[in-house]
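[1] Build me a model from this:
(2 chains)
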Amino acid sequence: MAEHQHTPEVHVTPLLTYLLVFAALAAGTLLTWWVSTIDLGWMNTPIALLIATIKATLVILFFMHVIHSTRLTWVVIIGAFLWLGVLFVLMFADYLTRASDFWSIY
Amino acid sequence: MSATTPEEHAHAAHPFLQHHFEDLGQQHEASTLGMWFFLTTEILFFGGVLCAYWVYRIIYPEAWAVGAAQQNTMAGGINTLVLIVSSLTMALAVRNAQLGRRGGQVAMLLATLVFGSTFICIKMWEYHEHYKEGLLVGSSWHWNEVPALAPKVQLFMTFYWGMTGLHALHMVIGAGLLIWIIFRAWRGQFGPEYYGPVEVMGLYWHFVDIVWIFLFPFLYLIHGVHHHG
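    Now for the predicted structure:
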């Protein structure tokens, strides 16, 4: 019989991996707090965004097991962030080009 | 007309296999994929608020810096760490379910509930402090440390209450779902062949953690902009 009776493919992540991801997240939290106390001019915001994005990526890949997920799951997740990108790009394509009531405030 | 013979059906009869799935593997994939579709709507839901936040942050950078300076960075930082610990215990609960360890699973889920509740308690204390400082937007607003910026700081605080409030609502819902999952885990319903509900609970919990990972720097850690000295 070609009957394929399969139970979930269980990828048990090693305990050490979880602990290392946790350590990286805690370190990132302390780093983002510490960097915010230093005046780096316009660089403060991109650095905070970069640290938060790295932390979120670690959570998604390891805590949410996406690194072992099916390709279909990857498509859904990448699609979600593409739509988020569309939201931001179109919103700012509008606002950042409104000279009168946006940048000219200064 | 069912194509399944009685033998095959008997073979497939796991108490938690829904009749419309071929097997537990397909059921597991469908439930995690369905959760990701839901999380997509959540990403765009929070994304819309974040987009509005950035538009006003670019228009009023000084007010945003002054507004962030009203926050208790220590409380926010500790809460960030509390939430990260709760994500670790949630991940370990899923791991224990995969390994068929009932005791460890219940213990890790309970720890997640305790840390999640700690976060909510610290958040409520912060809310109370803001209320006393007159930072509750609307008719009870009386904060006026920088009179020229006060209306714009109130706009910042509108985003603060809205974004942290939506996040806290997700935490409360998550805590409620956790109680249900803890009960099921305690009954011994999850193991290597069936742990979808614990996995999906984890996906939700980690998503709410990710939202906070962005809210902490956005609402507490804006470095001061000193255009006018």
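[2] Does the closest residue to residue A:69 other than its chain neighbours lie in a helix or a strand, and which?
    Nearest residue to residue A:69, sequence neighbours excluded (C-beta to C-beta, 6 or more residues apart in numbering or on different chains): residue B:32, at 7.2 Å. All C-beta spots, glycine's among them, are computed from the backbone N, C-alpha and C. Assigned by DSSP states H and E, residue B:32 falls within helix B:24-59.
[3] Identify the residues contacting the longest helix seen in chain A?
    Of all segments of type helix in chain A, defined using DSSP state H, the longest is helix A:71-95. By C-beta atoms under 8 Å, 6 or more residues apart in numbering or on different chains, the surrounding residues in contact with helix A:71-95 are A:60, A:66, A:102, B:32-33, B:36-37, B:39-40, B:43-44, B:47-48, B:51, B:54-55, B:58.
[4] Going by neighbour count, which of those residues are buried?
    A:60, A:66, B:32, B:36, B:39, B:40, B:43, B:44, B:47, B:51, B:54, B:55 (16 or more other C-beta atoms under 10 Å in any protein chain shown).
[5] What pLDDT does the model give the residue nearest the centre of chain B?
    For chain B, the residue nearest the mean C-alpha position is residue B:208 (1.9 Å; C-alpha atoms, centre = their mean). At residue B:208, the predicted lDDT confidence score is 98.
[6] quick one: which helix or strand includes it?
    helix B:196-220.
[7] Listing request: residues of chain B with sub-threshold pLDDT.
    Low-confidence segments of chain B (pLDDT under 70): B:1-12, B:224-229.
[8] residues touching residue A:12, list them.
    B:95, B:98, B:99.
[9] about what we covered before: quick one: the residue nearest to residue A:69 and residue A:43, what's the gap?
    38 Å (C-beta to C-beta, to the nearest Å).
[10] and what of residue B:67?
    Relative to residue A:43, and taking C-beta to C-beta, residue B:67 is found at 21 Å.
[11] Tell me where the chain has helices.
    Unless you meant another one, I'm taking chain A. A:15-36, A:44-58, A:71-95.
[12] My question was about chain B, not that one.
    Going by DSSP H, chain B shows helices at B:6-12, B:24-59, B:61-69, B:73-98, B:102-132, B:150-186, B:196-220.
[13] Turn the ones you listed into TSV, including distance to residue A:53.
    Shown next, in TSV, are these (distance: least, C-beta to C-beta, whole Å):
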stretch	distance to residue A:53
helix B:6-12	43
helix B:24-59	13
helix B:61-69	19
helix B:73-98	15
helix B:102-132	22
helix B:150-186	18
helix B:196-220	9
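[14] which residue packs closest to residue B:172, ignoring adjacent ones?
    Counting by C-beta to C-beta, 6+ apart, the residue nearest residue B:172 is residue B:120, at 6.6 Å.
[15] wouldn't that neighbour be in contact with residue B:173 here?
    No. Look at residue B:120 against residue B:173 with C-beta atoms under 8 Å: they stay out of range, at 11.2 Å.
[16] Who has more neighbours out of these two?
    With neighbours defined as other C-beta atoms under 10 Å in any protein chain shown, residue B:120 and residue B:173 compare such that residue B:120 has more, 16 against 12.
[17] Contacts only, for the more buried one.
    Residue B:120 touches B:168, B:171, B:172, B:175, counting by C-beta under 8 Å, 6+ apart.
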